[in-house]
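Participant: No letters, just coordinates:
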Ligand code: SF4
């Protein structure tokens, strides 16, 4: 990938299986689900809080596997933190979000909670019992349907006193008391649906239903997710149907634009946080043909003017956009946005802007603002 240049559209190949999380993504948009399941490289920054949640997840996983590591919490934490920050530095559009300690407001609190959780795991984990089918808690357990078409890894399965609980740790989330006291319906429904799918996969593998399903936050608040066997099995049927649909659309062939149109479901909701949208022609066409909808603040067009301000420390960009005529963006710089360094003819894609209070056509850059240059030969 050349920093700042939009790469060619990621290809899409038929999917062997669908995971509970890819299923939820595919309900919103099959193209996003297919790119996700194909592990296509994403084109926009990940939220620092999600990255921090991943650090926590990895640290807890390592301590659960080797409880003696809890004595070296600081070292394990720093290793996982460095790994996430190295990944961020390797992506030109994410380097400015390092270090996470500066970007995540709750960094120290999250680290402290993670340490407490690890101490707790080390105290309670009887390693001799951590064996499939026998153990107190199995972590990162793979579950799949008999035909192999639906499968995924659940965070933990706890078996105690004849009761089985399937657990999904939400390490990047802090439940407040209102959510924790609820019956699970207040939490984003897609997390609950994923757990219900794991319950059905567990049933297909073990022949019994789990006693309970739990979402557990880092502050140890627990939300119990209600479920019925019928709704869980129905979700698996829907997942199998969506997988067959997607594969049928993918195998139809034709050019990639036609494939995108068959799979994509652009909407303000589904596209808002989609990290493939720079390369999604269906997104841009929908935005341009229905500009009255509250689309995210993303634009594409040609550069009308690029001027130095504040003695050259920042740039002001005037873009002849395909939706808003002329827009102005302040606060950019060439180091963070290599797309501004190309002299050739082409188009500029600007994503994740923040509206200025002074005018409808003035914008500022935010933490997630990302720019791509699209050379003309790539447009034709
Ligand atoms: S930008 Fe929208 S339409 Fe395109 S893949 Fe993402 S969610 Fe789907």
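Facilitator: Thanks, I have the structure now. Bear in mind the structure is a predicted one, so any value in this text is a computation, not a measurement.
Participant: the helices in this protein, which residues?
Facilitator: 20-28, 30-37, 48-65, 73-89, 100-103, 107-124, 177-181, 189-206, 229-251, 256-263, 268-272, 281-289, 376-379 (DSSP state H).
Participant: Residue 341 is nearest to which of those helices?
Facilitator: Closest approach to residue 341 among the helices of the chain (C-beta to C-beta): helix 376-379, 16.5 Å. Where you see a C-beta, it was placed from the backbone N, CA and C, and this is true even at glycine.
Participant: Show me what the closest one is packed up against.
Facilitator: strand 346-355 (3 or more C-beta pairs under 8 Å, 6 or more residues apart in numbering; DSSP states H and E).
Participant: Please identify the pairing partners of the strand it packs on and their relative orientation?
Facilitator: The pairing partners recorded for strand 346-355 under DSSP bridges are strand 299-309 (antiparallel), strand 362-375 (antiparallel).
Participant: what inclination does the shortest one have with respect to helix 281-289?
Facilitator: Interaxial angle, strand 299-309 versus helix 281-289 (axes from the mean of the first three to the mean of the last three C-alpha atoms, to 10 degrees): 80 degrees.
Participant: which residues sit against strand 299-309?
Facilitator: The contact list for strand 299-309 (C-beta atoms under 8 Å, 6 or more residues apart in numbering) reads 284, 314-324, 326-327, 330, 340, 347-350, 353, 374.
Participant: again, but for stretch 279-292
Facilitator: With C-beta under 8 Å, 6+ apart as the criterion, stretch 279-292 contacts 6-7, 9-10, 31, 43, 257, 260-261, 264, 266-267, 271, 274, 277, 293, 295, 298, 300, 322-324.
Participant: right, is it up against the ligand?
Facilitator: Yes - for a cut-off given as C-beta under 6 Å from any ligand atom, stretch 279-292 has contacts with the ligand, namely 280, 282, 283.
Participant: In a markdown table, list those residues along with neighbour count, distance to residue 85 and pLDDT.
Facilitator: Formatted as a markdown table, the residues of stretch 279-292 next to the ligand follow (neighbours: other C-beta atoms under 10 Å; distance: C-beta to C-beta, whole Å; pLDDT from 0 to 100):
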| residue | neighbour count | distance to residue 85 | pLDDT |
| --- | --- | --- | --- |
| 280 | 21 | 28 | 95 |
| 282 | 19 | 34 | 95 |
| 283 | 25 | 30 | 96 |
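Participant: Next, format the residues you listed as a markdown table and append distance to residue 149.
Facilitator: Output for the residues of stretch 279-292 next to the ligand, formatted as a markdown table (distance: C-beta to C-beta, whole Å):
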| residue | distance to residue 149 |
| --- | --- |
| 280 | 26 |
| 282 | 26 |
| 283 | 28 |
